[in-house]
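Peer 1: Below are the sequence and a predicted model for it; my questions follow.
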Amino acid sequence: MSYQIRILKLSALLLFAATLCSAAESNGFTPMFNGRDLSGWQPLDVAPGTFSVSNGIIVSTGFPCGLLRTERQYENFIIELEWRHMKSGGNAGLFVWSDGLPAVGSPFARGIEVQILDNGFNVKGKNEWYTTHGDVFAVKGSIMTPTGRISSTGARSFPTEDRSKSSPEWNHYRLKANDGELRLSVNGKEVTVGKQTSPRKGYLCLESEGSECHFRNVRIKELPSTNPSPKQISDPAKGFIPLYNGIDLSGWKVTSGDKNNWKSNDWKLSYNGSGANRNNHLWTEKSYRDFVLVCDWRWTAKPTSQKRMLFLPNGDRAVDEKGRIMYEEVASAGDSGIFLRGSSKSQINIWCWPVGSGEIYGYRTDKSVSPEIRKGATPLTKADAPIGQWNRFIITLKGKTVNVTLNGSSVIENALLPKLPKKGPIALQDRGYPIEFANIFIKEL
């Protein structure tokens, strides 16, 4: 055989092999995990070590409960991944089309969840309520029409067949998400379908929920857009970073007293109200200038009936025709607040008074400032959720002007805070009452 013929045959073989290799590696798919680090992903509301990489595998410790999300949103796609639980009954999930921040009072974001459960989870038998694999359902205000085999609640698409392998064996998911429809195949066979979802564009997330879970061979093939409306696109909430990691009080310090009264409680940060004094405020170690702060909170004590003062829209106490201060009997569970830039005067109040939370007490009661400033520090409306339920503050501070929304309602608009320091830490106030905080995020401006 001539030298030229051998070269031609060798070239043909190499070309053929390269073609096969390219087809096998791509088919339109690109890896979402490089096997070395978490490039392309970011912790949403979990500790830095909750998700890590070991031997080409994404490892979730399961603590705290929360999510690892993609850095960008996806619309239509096919995603493939392998997963395994490291103990019987393990729980995790794949979130699809999720928001960029967790839902109020939850470690999980609004979106559609594809359940990742080990067979040992089902204490009442398979497919009774939760399933061993492939239970697809809407989470935290999202919408989905279940089809096929539907749960007894009518809210979940259950798999038509149990195909998952028990811990510690690997399982394969292939999920086609297109124009609001989800089709899940488990270990090579389609078993679950959900339709008419909203949102239908958003982040993809891996879930941490109480036990160690492994993920590998995560890859995606994006499909053409079907032009979702703005209402069908998740909230991006870009630029926010968590101030609480769900594991410990890293990044925080107590002014005085017993730090043990502030407890890391999974995704919740709890204060038991038992401090030796009312100065056990929890301060950020870092100081901030302008920012947007997101903070969820709820009262944990049993409410009692108490009389509280009424205030006028201008910040003055309400009085009757005889000049006597007016009161209203309310259910009360405590008093707390959020200090801005190291200033206790610039406190966004959390309390149970008729005027509602969000009031800036230090300025509303300061008779040395103008009537306009006192009025601006008085809530426009009471937007508090019932005691025991979660609330969400969104506090925007620019220069010496602050805006506050509570549970979606604007309660403070363009309030001027004279003499507010240009920079300072943020504090969660101790007033001697038990309270829980969660989902504390900040975006510096």
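Peer 2: Structure received.
Peer 1: ok, how many other residues are close to the residue lying closest to Pro43 once chain neighbours are set aside?
Peer 2: Sequence neighbours aside, Leu68 is the residue nearest to Pro43 in space, at 5.8 Å (criterion: CB to CB, 6 or more residues apart in numbering). Placement of C-beta: from N, CA and C, glycine included. A total of 22 residues lie near Leu68 under the criterion other CB atoms under 10 Å.
Peer 1: Could I get the pLDDT score of Leu68?
Peer 2: At Leu68, the model reports a pLDDT of 98.
Peer 1: mind listing what it touches?
Peer 2: Residues near Leu68 by CB atoms under 8 Å, 6 or more residues apart in numbering: 38, 41-44, 46, 50-51, 58, 60, 205-206, 208.
Peer 1: so can I have TSV of these showing distance to Ile112 and secondary structure?
Peer 2: Formatted as TSV, the contacts of Leu68 follow (distance: CB to CB, whole Å; DSSP: H, G, I helix; E, B strand; the rest coil):
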residue	distance to Ile112	secondary structure
Leu38	23	coil
Trp41	19	strand
Gln42	20	strand
Pro43	21	strand
Leu44	16	coil
Val46	20	coil
Thr50	22	coil
Phe51	20	strand
Ile58	21	strand
Ser60	19	strand
Cys205	11	strand
Leu206	14	strand
Ser208	18	strand
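Peer 1: Now do the contacts for the residue nearest to Cys352 when sequence neighbours are not counted.
Peer 2: In space, and not counting its chain neighbours, Cys352 is closest to Ser332: 4.0 Å by CB to CB, 6+ apart. If a contact means CB under 8 Å, 6+ apart, then Ser332 has Pro303, Thr304, Ser305, Gln306, Arg308, Trp351, Cys352 as its contacts.
Peer 1: Spell out the residue ranges of the helices in the stretch 1-150 of the chain.
Peer 2: Residue ranges of the helices in the stretch 1-150 of the chain, as given by DSSP state H, counting those that start in this stretch, are 3-25.
Peer 1: All the strands of it, in order from the start?
Peer 2: Along the stretch 1-150 of the chain, counting by DSSP state E, counting those that start in this stretch, strands occupy 30-31, 41-43, 51-54, 57-60, 66-70, 77-85, 91-98, 111-117, 133-139, 143-146, 149-150.
Peer 1: Go through the fourth one and flag the buried ones.
Peer 2: Think strand 57-60. For strand 57-60, a neighbour-count test (16 or more other CB atoms under 10 Å) marks Ile58, Val59, Ser60 as buried.
Peer 1: Pick the one among these closest to Ala438.
Peer 2: For those, the residue nearest Ala438 by CB to CB is Ser60; the value is 19.8 Å.
Peer 1: ok, the closest one - contacts?
Peer 2: Residues near Ser60 by CB under 8 Å, 6+ apart: Thr50, Phe51, Leu68, Ala92, Leu206, Glu207, Ser208, Glu212, Cys213, His214, Phe215.
Peer 1: what about the last one, which SS state?
Peer 2: Phe215 carries the three-state label strand when classified by DSSP: H, G, I helix; E, B strand; the rest coil.
Peer 1: Use 598 as the first number from now on
Peer 2: Got it, the first residue is 598 from now on, which makes the last one we talked about Phe812.
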